[in-house]
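S.K.: what would the 3D arrangement of this be:
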Amino acid sequence: MGYDLMRYGAVLLDPNHIEETVQHLIEFYDLTAADLPALRRIVSLYPQPVQMIFDETNALLHQDMVLADKFTFDMENDTLILFSRDKHTVIDALIEMMMYLTGFSTMMGADETWVVELTIGAWKPVKKRIMRDIGLEAGPQPRGVVGLPPPPEEATEGGSYPFQTLVSRFDRASFHQMVVLAARDDIAVYFPPDTHPNVLNAYASIRNAIQAVGKDIALTDHQTFNARLMEEVQKLQNHYKPSELPFPKWLSDLAEHDPRSTASDLGLFPKQDAPPQHPPKRDDPFESFIDDLLSDDD
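M.R.: Below is the predicted model:
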């Protein structure tokens, strides 16, 4: 997939030219001289030179996305792409790119997107261990809370709210969102009293699976990590059978009206089986908050 974007802040992460690399990082990103020792150690662990660029075009889109990582990999060109210049984003991105190059599985391209989300979560304890070894502290936690009821002045008639509706039933949408939330260890989750027991069970099981994959894994243990990841994915697959879970009616209606919606993009519906497109239904009560529920936005 080649990236045609503004390349302000392009830095070659070159383990053969560490000082030049870290000076460019300090120049272009929100880093200071105090970060130099850690940057030197990170870059020295890279197995090969890699290009890092700042995607100014999409930076604004990621600015308020609490659950989404503010960086990605161009896997065809082995390029690290950032959507933010802040310190924590840069450090996280540098370490995760190093993990990717070393051989940690990303599961990108998996048939079901929950598998990719689970992998994202499993990387985090490994990244934290690498950070501790380098002498770095993780970012502030928690960064946010998901699931709290709205303030009284914003409450709807009947008292229900989107997250409560989502977790009151165990279906494909709620299972997927539990994977997303369990994979973000810096996000606290408030479960309403009427949460479906299987939703709570799935969230706990996924958190346990993530910890089992990443436990005591160092940078050189990628093969062990990959084997554990496949084992835990299979366990969850066998126990919950996510592809066989029912669709909630509101999600079915949304995909029917717009096959290109978030529901389809996340793999909650197979893209090839998307219903034919119809004009959008007016006054759909879920249209205004579907992205908040299912698109990595708080």
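S.K.: so how far is Y161 from P151?
M.R.: Distance, P151 to Y161, by Cβ to Cβ, to the nearest Å: 11 Å. Where you see a C-beta, it was placed from the backbone N, CA and C, and this is true even at glycine.
S.K.: scratch that, S84 is what I was asking about
M.R.: S84 is 29 Å from Y161, by Cβ to Cβ.
S.K.: buried stuff in stretch 11-29?
M.R.: Neighbour-count burial for stretch 11-29, counted by 16 or more other Cβ atoms under 10 Å, picks out 11, 13-15, 18, 21-22, 24-25, 28-29.
S.K.: related to what we said a few turns ago, S84 and Y161: who's more crowded?
M.R.: Between S84 and Y161, counting by other Cβ atoms under 10 Å, S84 is the more crowded of the two (20 against 17).
S.K.: how many other residues sit next to the nearest residue to the more buried one once chain neighbours are set aside?
M.R.: In space, S84 comes closest to K70 once its chain neighbours are excluded; the distance is 4.1 Å by Cβ to Cβ, 6 or more residues apart in numbering. Residues lying near K70 (other Cβ under 10 Å) number 21.
S.K.: also T79?
M.R.: Around T79 sit 17 other residues, with neighbours defined as other Cβ under 10 Å.
S.K.: look up the residues forming beta bridges with it.
M.R.: For T79, the beta-bridge partners are Q51, D74 (DSSP bridges).
S.K.: wouldn't it be in contact with F54 here?
M.R.: No - T79 is beyond contact range of F54, at 11.5 Å (criterion: Cβ atoms under 8 Å).
S.K.: sorry, back to before: for P242, state which of the buried residues of stretch 11-29 is nearest.
M.R.: Minimum distance to P242 across the buried residues of stretch 11-29 is 36.4 Å, recorded for L13 (Cβ to Cβ).
S.K.: tell me where the stretch 101-250 of the chain has helices.
M.R.: Along the stretch 101-250 of the chain, the segments classed as helices by DSSP state H, counting those that start in this stretch run 113-134, 162-167, 172-182, 197-214, 222-240, 249-257.
S.K.: give the contact list for the nearest residue to L94 once chain neighbours are set aside.
M.R.: The shortest distance from L94 to any non-neighbouring residue, by Cβ to Cβ, 6+ apart, is to I42 (5.0 Å). Residues in contact with I42 (Cβ atoms under 8 Å, 6 or more residues apart in numbering) are 91, 94-95, 98, 134.
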